[in-house]
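Asks: make a model of this:
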Amino acid sequence: MFTLFEHSSVCLLYLLACCFRSVNVFKPGTSKSGNSELYISGELNSIHLCEAPGAFISALNHFLKTSGLHCDWNWIANTLNPYYEANGRGCTITDDRLIAHTLPWWFFGSDNTGDIMLQKHLLELPRFVSNMHSVDLVTADGSFDCQGDPGEQERLVAPLQYCEAVCALLLLGTGGSFVLKMFTLFEHSSVCLLYLLACCFRSVNVFKPGTSKSGNSELYIVCLDYQAKEQIRPLLSKLIRNYGPDLASTVALFPRRCIPDSFLRQHEEICTFFHALQVNTIQENIKLFECMSVEQRRRLEQLREYAAEFYTKRFSVHYLPRKSWVCRGGVARWVKLCERKQMGSFNQRKEMELQGWKQRLAHGNHGEFIERHCAGTEGCEIVLSGQLDECDLGAWFALEGAALPKVCSSTFCDQEMLDFLNEALEENLGVKAVNHSDRALPVCSSCSIDSPVGILSEICSNPDVTSCLVLGRQSWCDGTLVGIKLQPEFLQGPSCCEVQDSTLHDGQPDYQFDLLNTVLFALQKQHQGSTLVIPLCSVLTRFTSGLVFTLHLCFRYITFRCLSGWPPAVLVCIGFSPPSALPRLLDFLRDVLEKMKKVQLELGRQILQFVPLEELLRGELPRFLSSFNTAVVRQQLHVLMQVEYTFT
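Replies: Numbers count the residues shown, from 1 in each chain. Below you'll find the predicted structure:
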């Protein structure tokens, strides 16, 4: 700013004083003393609930940087952890372009799930933000995937909105603001929640942003000036006792007699207003869908351009240079976007849900890819080459969290294919239980995938391979290696059979422990230039991905080959070249093993990760892991598609 004599400057400073805990006027040392240039600085502390992929953070950063409000902004965010493998895609946003660059600012709780609807996370969050003197702003952008039952969106999302509101009331300082995303406001849950907020804030406004599609029911509740911090402390304890995902939709937060008629009249007016706008838009869309003339299309495109121009001028939207972005490093090299692809009308999708997974897979996006027969060269062209540079082992730590009940998602696998595989495995397990059978899955006779004997013969025939260690019993080969001078050495490895039909895949704690223990022992036996062959069932979890990263530190290049039986693939690590930090690395892996022993004694806990996620997401490793998992999942689905189930 410049001189502060005009009423406009006085009013602006007063507005800032109402919004920030402190507002300071200063003149930088680099500013010429003869001019009237002044800077306004303050402190802004914000918490963003259910924030992925990060729109509120990005928008607030953009506003602060382009409006000239020079303040000390501190933020903390929460969302369902896109890296926790038991979080399914129905409620998890997997777009991690912001999260990957700003991990220390994200709160995922002591179990690493990021579920803000858990009471223990509500009580942990104040400690996580304890460095903030006072919380000035809380935003809550949560929802669920309600495509399967859109008519019940308000009822389904109500428990989450309740938890978000209670969290905001607990965290906000006096005078703070709260922004909550809601949808239709017809149910008693919405009426009671809005009345609670109206009792706590000086003003509560129901607002639909100009960038929100007019045909949907999305609304934002903007609550200003938190007035009742101390007065509601007794009520907060009751609200916290009912905190969680099991909030009964049949029980109202307040009895009818407690809510004034004047409030209900206002609420009805709001519902009527937004209902009319939404109905008008839907009716117009239906009319245009049936028949849209060239003139109507031209007019809509013109209106869209006018609206965009009006919006940018009205709100003074300016370009933000890259140096002012929240992620100053730009977009991460590995971006896994998992958008839910909709096919057909709502009725067609409901009919498709009634069909079996085989029919849905065959007619879906991956049907043709799965049906094609696998070739023996699967994985040959995928090479993780170049020994990884030295990394900071001091930043490595064993991350403990909630045990995985199943692997529902993976940063390194196509989500839709993994969903199909889990459904197929669950059906296969159900059939085995009914038939009391442990029969292994058949091998496709038309696929030309190599056997373990063929792959080992190929590896050992390579003149560059001086020695070969295989993490598995010799019986795994089910044959004799003949015609080659170099005979591989076998070391008993982890049993993959116990996870063959499991939706835990490589997430089973016992399997992970045995795998890490065997790899640790094998690394101590390696010598310069040697080769290591590891049979693997998958690399879906952060834990197993960390093991591949560890091997990447120690070998010149790594590839994989698919197998005709189980396990479905082998990892081939060629050219052992120990890094200078190998002794420290081995010591760290031993510490992880010891911690795994202790954690396995605790019910419901598991070591989820030991290599920092920032390391797993950089370089060519994510693409390699994705290629590995794609080949494995494709092969398993290809075989399962041909299995005919019989019930006895």
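Asks: got a list of what the nearest residue to Arg605 once chain neighbours are set aside touches?
Replies: Nearest non-adjacent residue to Arg605, counting by CB to CB, 6 or more residues apart in numbering: Val599, 5.1 Å away. In short, each C-beta sits where N, CA and C put it, glycine included. The contact partners of Val599, taken as CB atoms under 8 Å, 6 or more residues apart in numbering, are 400, 605-607.
Asks: could you measure from Val599 over to Leu536?
Replies: 23 Å (CB to CB, to the nearest Å).
Asks: do the same with Thr281
Replies: Look at Thr281 and Leu536: by CB to CB, they are 52 Å apart.
Asks: which one of those two is surrounded by more residues?
Replies: Leu536 (23 against 14; other CB atoms under 10 Å).
Asks: rewinding a little: and the contacts of Val599, which is closest to Gly109?
Replies: Comparing the contacts of Val599 against Gly109 with CB to CB places Glu400 closest, at 11.8 Å.
Asks: before we move on, back to that, now, the most widely separated pair of the contacts of Val599?
Replies: Largest separation among the contacts of Val599 by CB to CB: Arg605 and Ile607, giving 8.3 Å.
Asks: name the residues contacting each of the two.
Replies: With CB under 8 Å, 6+ apart as the test, Arg605 and Ile607 both reach 400, 599.
Asks: higher neighbour count, the two?
Replies: Between Arg605 and Ile607, counted using other CB under 10 Å, Ile607 has the larger neighbour count: 24 against 17.
Asks: surely that one is in contact with Met596?
Replies: Yes. With contacts counted by CB atoms under 8 Å, Ile607 reaches Met596, the gap being 5.1 Å.
Asks: anything in contact with each of these two?
Replies: Common neighbours of Ile607 and Met596 (criterion: CB under 8 Å, 6+ apart): 398, 509, 512.
Asks: quick one, phi psi at the last one?
Replies: Comment: the main-chain dihedrals of Gln512 come out as phi -60, psi -40, following degrees, to the nearest 10.
Asks: can you pull the contacts of it?
Replies: 506, 541, 543-544, 596, 607.
Asks: kindly reformat the shared contacts of Ile607 and Met596 as a markdown table containing pLDDT.
Replies: Shown next, in a markdown table, are the shared contacts of Ile607 and Met596 (pLDDT from 0 to 100):
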| residue | pLDDT |
| --- | --- |
| Ala398 | 97 |
| Pro509 | 95 |
| Gln512 | 96 |
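Asks: on that earlier part again, relative to Tyr84, how far out is the residue nearest to Arg605?
Replies: 16 Å.
Asks: again, but for Arg314
Replies: Separation of Arg314 from Tyr84 (CB to CB): 41 Å.
Asks: and for the spatially most central residue of the chain, nearest residue in space, chain neighbours not counted?
Replies: Centroid check for the chain by CA atoms, centre = their mean gives Pro82 as the closest residue, at 1.6 Å. Among residues not flanking Pro82 along the chain, Thr94 sits closest, at 4.6 Å (CB to CB, 6+ apart).
Asks: my guess is the one you found contacts Gln415, does it?
Replies: Yes. Under the criterion of CB under 8 Å, Thr94 makes contact with Gln415 at 6.9 Å.
Asks: Arg314 and Tyr84: who's more crowded?
Replies: Between Arg314 and Tyr84, counting by other CB under 10 Å, Tyr84 is the more crowded of the two (24 against 9).
Asks: surely the more buried one and Trp106 touch.
Replies: No. With contact defined as CB under 8 Å, Tyr84 does not reach Trp106; the gap is 11.8 Å.
Asks: wait, is Arg299 part of a helix?
Replies: Yes. Per DSSP: H, G, I helix; E, B strand; the rest coil, Arg299 lies within a helix segment.
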